[in-house]
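J.: I would like the atomic coordinates for the input below:
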Amino acid sequence: MIVVMGAASASGNALVHRLADAGIPCRALTRDPDRLRASANALPTVAIRYADSSNAASLRTAFEGASQLFLTMTNGPDQVELETRTIEIAVDNGIDHIVKLSAPTAAPDSPVTIARWHYAIEEALRETGISHTILRPYAFMQKLLLLTPQLSAQGHFVGAMGDAPCNYIDCRDIADVAAAALTRSEIAGGTYTLTGPETYSHPQLAALFSERLGTTIRYVDLPPAEFRQQLIQRSGLPHWLADHVTEIQQLAITHPEHPADTVTRILGRPPRTMEAFLTEHLNAFRHSHSRASR
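T.: Now for the predicted structure:
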């Protein structure tokens, strides 16, 4: 039995559907089963269960009889503690292979705080001695949908990345690689950096938005400190998350990003493109911009 922890997240939910499409039974774990049932209740091979990483008893029940775990959690200051405890409980309850969603620059000296957290969790996973696979995806294309309020209110979006290239990947490609790691022995056990087929700077994204929407969308570049303050004051992000967003944008400047061919090598097909993603979600972006034009 495969257990998907974080089954309501973009990558976790995509994995649940990918496994269901393949007829592979899985147990989908979430703190909000009713919310997940809205999108996955009709999948006959999916069992939806409550589990909370801060509730050890719920994890033990959720892991009972399972052999593999896909592990993703929302980033946060208590992430190392919660993920490490989850790994320990999983091993104690017979899980013998864990696929962990990590960060692309995970290292003890990474300039990105959350990447250092992920490295600490990876180290804890390695120390268990069980089989494990590490997935290190770059920026999720799905996160671009969070720009819709800015496009709606202002017709532009802000950042602190200059014209540095940035890797993006569709969460469904992450899920497809995770499914391969869970079902193909030759994939399990590796550490994989995951990207889409091309990099995009913020000015290039603005040009793509403009082309798709038939109007002008601008990118406004800000000094890092000002960008961070906007994230806190206008977007309501907690300080640690505003720090993270600012850090990863600065990292793209200091460590230029390049696409990897990992998705193609593992799946035998190229990853989904940014153009295809924007076209698929055009109504969401168009609706946001039409509100700004009223």
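
J.: where are the low-confidence patches of this structure?
T.: Counting by pLDDT under 70, the ranges of the chain that qualify are 40-41, 287-294.

J.: Flag every buried residue along the strand ranked longest in it.
T.: If you go by DSSP state E, the chain has its longest strand at strand 131-137. Buried residues in strand 131-137, defined by neighbour count with 16 or more other CB atoms under 10 Å: 132-137. (Each C-beta comes from the backbone N, C-alpha and C, glycine too.)

J.: Would you format these as CSV with distance to A106 included?
T.: Listed next are those as CSV, based on distance: CB to CB, whole Å:
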residue, distance to A106
H132, 13
T133, 14
I134, 8
L135, 11
R136, 6
P137, 11
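
J.: Give me the helices and strands touching the longest strand of the chain, please.
T.: strand 97-101, helix 113-128, helix 171-183, strand 191-194 (3 or more CB pairs under 8 Å, 6 or more residues apart in numbering; DSSP states H and E).

J.: how does it look with 6 Å?
T.: strand 97-101, strand 191-194 (3 or more CB pairs under 6 Å, 6 or more residues apart in numbering; DSSP states H and E).

J.: Just say which of the ones you listed is most tucked in.
T.: strand 97-101 (a mean of 23; mean count of other CB atoms under 10 Å).

J.: for that one, packing partners?
T.: By 3+ CB pairs under 6 Å, 6+ apart, strand 97-101 packs against strand 68-71, strand 131-137, helix 171-183.

J.: Quick check: neighbours of the longest strand of the chain in the sheet, parallel or antiparallel?
T.: Take DSSP bridges as the rule and strand 131-137 pairs in its sheet with strand 97-101 (parallel), strand 191-194 (parallel).

J.: Can you tell me which of the helices and strands packed on strand 97-101 is packed in deepest?
T.: Of the helices and strands packed on strand 97-101, strand 68-71 is the most buried (mean count of other CB under 10 Å), at a mean of 26.

J.: What is the subsequent helix or strand relative to it?
T.: helix 79-92 (DSSP states H and E).

J.: out of the helices and strands packed on strand 97-101, nearest to A42?
T.: helix 171-183 (18.2 Å; CB to CB).

J.: picking up where we left off before, between the strands paired with strand 131-137, which gets nearest to L125?
T.: That would be strand 97-101 among the strands paired with strand 131-137, by CB to CB, at 6.0 Å.

J.: Run the chain-centre distance for that closest one.
T.: 14 Å (CA atoms, centre = their mean, to the nearest Å).

J.: Contacts for it next, please.
T.: Under the contact criterion CB atoms under 6 Å, 6 or more residues apart in numbering, strand 97-101 has outside partners 68-72, 131-135, 178, 181-182.

J.: For these, give me TSV that also has distance to F227.
T.: Output for the contacts of strand 97-101, formatted as TSV (distance: CB to CB, whole Å):
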residue	distance to F227
Q68	40
L69	36
F70	33
L71	31
T72	27
S131	41
H132	36
T133	34
I134	30
L135	28
A178	32
A181	35
L182	38
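
J.: Could you identify the most distant pair in the residues you listed?
T.: Across the contacts of strand 97-101 (CB to CB), the longest gap, 17.8 Å, separates T72 and S131.

J.: quick one, strands of the stretch 151-294 of the chain?
T.: 156-159, 166-169, 191-194, 199-200, 218-221 (DSSP state E, counting those that start in this stretch).

J.: Nearest to D92, out of those strands?
T.: Using CB to CB, the nearest of the strands of the stretch 151-294 of the chain to D92 is strand 191-194, at 24.2 Å.

J.: hmm, back to that, what is the nearest of the buried residues of strand 131-137 to L59?
T.: Once CB to CB is applied, the member of the buried residues of strand 131-137 that ends up nearest L59 is H132, at 17.3 Å.

J.: shouldn't the closest one be in contact with A124?
T.: No: contact criterion CB atoms under 6 Å: H132 and A124 do not qualify, at 10.4 Å.

J.: Could you pull out the buried residues of stretch 221-231?
T.: Here stretch 221-231 shows 222, 227-228, 230-231 as buried, counting by 16+ other CB under 10 Å.

J.: that's a strand at A28, yeah?
T.: Yes: if the criterion is DSSP: H, G, I helix; E, B strand; the rest coil, then A28 is within a strand.

J.: Tell me which residues touch the residue nearest to it when sequence neighbours are not counted, please.
T.: Closest residue to A28 apart from its sequence neighbours, by CB to CB, 6 or more residues apart in numbering: A7 at 3.6 Å. Contact analysis of A7 by CB under 6 Å, 6+ apart lists 16, 28-30, 36.

J.: Also C166?
T.: Here C166 is in contact with 199, 252, 257 (CB under 6 Å, 6+ apart).
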